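Asks: whatever this is, show me its structure:
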Amino acid sequence: MSTDSEGAGAVPTVTVGLLSDPGRPTDIARKLSTELPEVLADRVNSEVVWRVRVRSEQVPLDEKGRIPLDEAAEKLPAEQWDLMVCITELPRSDGSRPVVADVDVARGVGLASMPAIGWLRPRAHARNTVAHVVGMISKEKLGSSGSRAVSRSHHHIRRRPTELASPVRQVPSEQENIDLHLALTGTRGRLRLLFGMVRDNRPWRLVPSLSRAIAASAAAAAFGIFYPSIWGMADALSSLRLLGISCFAVAMMAVWIIVHNSLWERPARHGDAKRAAMYNAATLLTLLIGVVCMYVLLFAVTLLAAVAVISASYMEVQLGHSVGLSEYASLVWLASSMGTIAGALGSSLESEAAVRRATYSKREQERRARRRRRERTGQEHEDAD
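Replies: Numbering: from 1, shown residues only. Next up, the predicted model:
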């Protein structure tokens, strides 16, 4: 902690560092850097000047899949930060409990997990989480620093009414170098984590990676709208049956992509079963939403083609009754489902980046591998010396 001016009236300054994963965590951290000083002054301590700095760097994992906060704390002196909060895109857990945040009070370091923070209004939830973590750290670390101490009487962290009703609870930690967790409780908490994981995967961005499947689906859908026998079938099917066919088509493509790209995670140890189930559920939902986005795009393109090519009078002759928009929609609905089923066979994600976006386990494995390479390189340099 420093002061803004010399003398007895000097105002203490506390610098908070946000070490964030590249991508969405960094985007949110940069927005928070302008909002947090006022929030911290209002909710943590108004007698200091708060400064927030952001550094974008991939938060490392150890071999056990944990984020070592003691290693992160080594950056504090070099960056000239008083406190630090890491913001990661990866989900964290304490046993079977999903974790929103970890706190190492002694070292002045915390960790916030974006998936558990929430899928609705993530920036607001991230702001509240980081402010709460900073408040817990500053209460103990800065509040006992002798003549430069920040008054403990001002360290009551005010919580909003909406926070009091949230499924987040503060629990002690049994992990080394972590004093306590902010954990999600109950079914509501697990659903919050699941939806947060899916949102952070941004499933709509998978559509460009399915370009070959889209091309095959469009060709099959075009075949469907040009054959009168398909017109009669679509006219005879009920909306409920058409919905069932489209759900089957979407599910078939999602399952095929999971199998073809080996995205289904199997627990390495008995205790990893719940974690693997959560990761697999997030992967499945991510792909289902991604394929639904592809299906909607295919439906729109096929509908335009059908309206442009098939005249209503000719369709009336083939079907034997008057034709309106609903008949076109039913035809395109069935043709799009047929196209999706055809496109599913042999479809796959077309880049490693797309595979990583679809599943958290791949991203975690990549970070562990990067850490092992870095450690081997360091050992080789030591041996050479």
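Asks: any idea how far residue 189 is from residue 305?
Replies: For residue 305, the distance to residue 189 (Cβ to Cβ, to the nearest Å) stands at 46 Å. Glycine gets a C-beta too; all of them are placed from N, C-alpha and C.
Asks: do residue 201 as well
Replies: Between residue 201 and residue 189 the distance is 19 Å, computed by Cβ to Cβ.
Asks: which of these two has more neighbours?
Replies: Just comparing residue 201 and residue 189: by other Cβ atoms under 10 Å the higher neighbour count belongs to residue 201, 25 against 19.
Asks: the more buried one is in contact with residue 284, isn't it?
Replies: No. Taking contacts as Cβ atoms under 8 Å, residue 201 lies outside contact range of residue 284: 11.0 Å.
Asks: to the chain's geometric centre, what's the distance from the helix or strand where residue 326 lies?
Replies: Element membership for residue 326, per DSSP states H and E: helix 325-344. Chain-centre distance of helix 325-344: 32 Å, with Cα atoms, centre = their mean, to the nearest Å.
Asks: okay, strands next: where are they in this protein?
Replies: 2-3, 12-20, 49-56, 83-88, 92-94, 97-104, 109-113, 168-172, 180-184 (DSSP state E).
Asks: can I get these in TSV with distance to residue 241, mean neighbour count and mean pLDDT?
Replies: TSV is the format used below for the strands of the chain (distance: least, Cβ to Cβ, whole Å; neighbours: other Cβ atoms under 10 Å; pLDDT from 0 to 100):
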stretch	distance to residue 241	mean neighbour count	mean pLDDT
strand 2-3	70	14	62
strand 12-20	48	23	92
strand 49-56	50	18	94
strand 83-88	45	26	94
strand 92-94	42	20	83
strand 97-104	39	26	90
strand 109-113	43	28	93
strand 168-172	44	15	83
strand 180-184	40	23	89
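Asks: kindly reformat these as CSV containing distance to residue 335.
Replies: As requested, those are arranged in CSV below (distance: least, Cβ to Cβ, whole Å):
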stretch, distance to residue 335
strand 2-3, 68
strand 12-20, 45
strand 49-56, 46
strand 83-88, 44
strand 92-94, 44
strand 97-104, 42
strand 109-113, 43
strand 168-172, 47
strand 180-184, 43
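Asks: which one of the ones you listed lies nearest to residue 246?
Replies: Minimum separation from residue 246 across the strands of the chain (Cβ to Cβ) falls at strand 97-104, 32.8 Å.
Asks: tell me what that closest one is packed against?
Replies: Applying 3 or more Cβ pairs under 8 Å, 6 or more residues apart in numbering; DSSP states H and E, we find strand 97-104 packed against helix 69-73, strand 92-94, strand 109-113, helix 114-117, helix 122-141, strand 180-184, helix 186-201.
Asks: roughly how far apart are residue 254 and residue 206?
Replies: 10 Å.
Asks: and for these two, which residues touch both?
Replies: 287, 290 (Cβ atoms under 8 Å, 6 or more residues apart in numbering).
Asks: if you skip the residues just before and after it, what's nearest to residue 336?
Replies: Excluding its sequence neighbours, the residue lying closest to residue 336 (Cβ to Cβ, 6 or more residues apart in numbering) is residue 299, at 4.6 Å.
Asks: I figured that neighbour hits residue 337, correct?
Replies: No. Counting by Cβ under 8 Å, residue 299 does not reach residue 337; the two are 9.3 Å apart.
Asks: remind me, longest helix of this protein?
Replies: Ranked by residue count under DSSP state H, the longest helix found in the chain is helix 273-309.
Asks: between that one and helix 186-201, how many degrees?
Replies: Put simply, helix 273-309 runs at 50 degrees to helix 186-201, going by axes from the mean of the first three to the mean of the last three Cα atoms, to 10 degrees.
Asks: what packs against helix 273-309?
Replies: By 3+ Cβ pairs under 8 Å, 6+ apart, helix 273-309 packs against helix 186-201, helix 211-225, helix 239-260, helix 325-344, helix 352-358, helix 360-384.
Asks: show me what counts as buried in it.
Replies: 275-276, 278-280, 282-295, 297-299, 301-303, 305-306 (16 or more other Cβ atoms under 10 Å).
Asks: what's the spacing between residue 43 and residue 71?
Replies: For residue 43, the distance to residue 71 (Cβ to Cβ) stands at 29 Å.
Asks: please apply the same query to residue 262.
Replies: Here residue 262 is placed at a distance of 31 Å from residue 71 (Cβ to Cβ).
Asks: looking at those two, which one has more neighbours?
Replies: The neighbour count for residue 262 versus residue 71, taken as other Cβ under 10 Å, is higher for residue 71 (13 against 10).
Asks: what's near enough to touch that one?
Replies: Residue 71 sits next to residue 60 when contact means Cβ under 8 Å, 6+ apart.
Asks: mind doing that once more with 10 Å?
Replies: Residues near residue 71 by Cβ atoms under 10 Å, 6 or more residues apart in numbering: 59, 60, 62, 109, 177.
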